[in-house]
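Undergrad: Need a 3D model of the following:
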Amino acid sequence: MSDVIEVSQLSVYYEDNEAIKDISFKAKEGQLIGVVGPNGAGKSTLMKAILGLEKYKGTISVLGKKVKEVRKQISYVPQRSQIDWDFPVLVQDVVMMGRATHIVWYKRPSSIDKEVVAACLKKVGMLDFAKRQIGELSGGQQQRVFIARALAQEANVFFLDEPFVGIDVTSEEIIIGLLRELKAENKTIFVVHHDLSKVQDYFDQLLLINKELIQFGSVDQVYTPEILQKTYKGGLALFGSNEKQMVVTPQ
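TA: Predicted coordinates:
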């Protein structure tokens, strides 16, 4: 497997505040990667920096090139809280936005574009809602629509920021199923995630961060009480399966 993302000595500062510092890692293709850490650890900042949405120090390459050179191959699903759900737009139009990199600016969407949009909506179980206003949907349905938009882009690298927050069980099951399908297609997926009880079921690798990189590796290697203790600096954290749960106790 080749390296899809390479980050070296990445730091982000907000005025005098250090958001993330000196983070370096390499991620290979065909991996479903959870980005985990406490609130304020810099998980979203790390993702935005890689995407070129934050000013940073250090070097970043995606698919062996600068991000701006491979923008079409990168899909991003932001946190739901960052989206204006009152904006009057139809579900099918939201998903069509994912086709923007495939459509010449002076042309209308082709029949192929429309077929892709319909197929992506069908994958997330939202085809029957295509002509609904996005603001009329539940939180889980809205998230599924944005996942469909990401799928419509037909990218190779996916970044999802807290996609499972505030959604129903059905939507979560549909979304993780689609992420596993993308992994099987050799796509690389980064997911900012907060529910430690599910990381063993959801991810191949974990990137544990608390402003600095704590550990990056396979779930089996890094999902341990000692490393979680270091990541959460003694904060309480529940993890493990229902049969065997473990607790990171305060230091």
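Undergrad: quick one, helices of the stretch 1-150 of the chain?
TA: Assignment of helices within the stretch 1-150 of the chain using DSSP state H, counting those that start in this stretch yields the ranges 43-51, 91-96, 111-123, 139-152.
Undergrad: Would you mind saying which of these lies nearest Leu160?
TA: Closest approach to Leu160 among those is made by helix 139-152 (7.6 Å; Cβ to Cβ). Quick note: C-beta positions are derived from backbone N, CA and C, even for glycine.
Undergrad: next one: stretch 35-42 to chain centre, how far?
TA: 14 Å (Cα atoms, centre = their mean, to the nearest Å).
Undergrad: coming back round to it: of all the helices of the stretch 1-150 of the chain, which one is nearest Ile20?
TA: Counting by Cβ to Cβ, Ile20 lies closest to helix 43-51 out of the helices of the stretch 1-150 of the chain; the figure is 5.5 Å.
Undergrad: Can you tell me what sits against that closest one?
TA: With contacts defined as Cβ atoms under 8 Å, 6 or more residues apart in numbering, helix 43-51 is touched by 5, 7, 10, 12, 19-20, 23, 35-37, 54, 56, 60, 62, 67, 74, 76, 79, 159, 161-162, 190, 192, 209.
Undergrad: out of the residues you listed, which are buried?
TA: By the neighbour-count criterion of 16 or more other Cβ atoms under 10 Å, the contacts of helix 43-51 include these buried positions: 5, 7, 10, 12, 19-20, 23, 35-37, 54, 56, 60, 62, 67, 74, 76, 159, 161-162, 190, 192, 209.
Undergrad: Which members of those residues are positioned in strands?
TA: Secondary structure from DSSP state E places 5, 7, 10, 12, 19-20, 23, 35-36, 60, 62, 74, 76, 159, 161, 190, 192, 209 of those in strands.
Undergrad: Give the full set of residues in contact with the nearest residue to Tyr76 once chain neighbours are set aside.
TA: On the basis of Cβ to Cβ, 6 or more residues apart in numbering, the spatially nearest residue to Tyr76 that is not a chain neighbour turns out to be Phe159, at 4.8 Å. Residues in contact with Phe159, defined by Cβ under 8 Å, 6+ apart, are 47, 50-51, 74-77, 189-190.
Undergrad: Also Ile20?
TA: Taking Cβ under 8 Å, 6+ apart, we find Ile20 in contact with 10-12, 42, 45-46, 49, 209, 211-212.
Undergrad: Low-confidence ranges, the stretch 1-150 of the chain, go.
TA: Along the stretch 1-150 of the chain, the model assigns pLDDT under 70 to residues 1, 104-106.
Undergrad: I misspoke; the intended subject was the stretch 151-251 of the chain.
TA: Along the stretch 151-251 of the chain, the parts satisfying pLDDT under 70 run over 235-251.
Undergrad: okay, the contacts of Ile20 in JSON lines with distance to Val117 next?
TA: As requested, those are arranged in JSON lines below (distance: Cβ to Cβ, whole Å):
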{"residue": "Leu10", "distance to Val117": "35"}
{"residue": "Ser11", "distance to Val117": "39"}
{"residue": "Val12", "distance to Val117": "35"}
{"residue": "Gly42", "distance to Val117": "35"}
{"residue": "Thr45", "distance to Val117": "32"}
{"residue": "Leu46", "distance to Val117": "31"}
{"residue": "Ala49", "distance to Val117": "30"}
{"residue": "Ile209", "distance to Val117": "35"}
{"residue": "Lys211", "distance to Val117": "40"}
{"residue": "Glu212", "distance to Val117": "41"}
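Undergrad: From those residues, pick the one nearest Asp86.
TA: The nearest member of those to Asp86, counting by Cβ to Cβ, is Thr45 at 26.6 Å.
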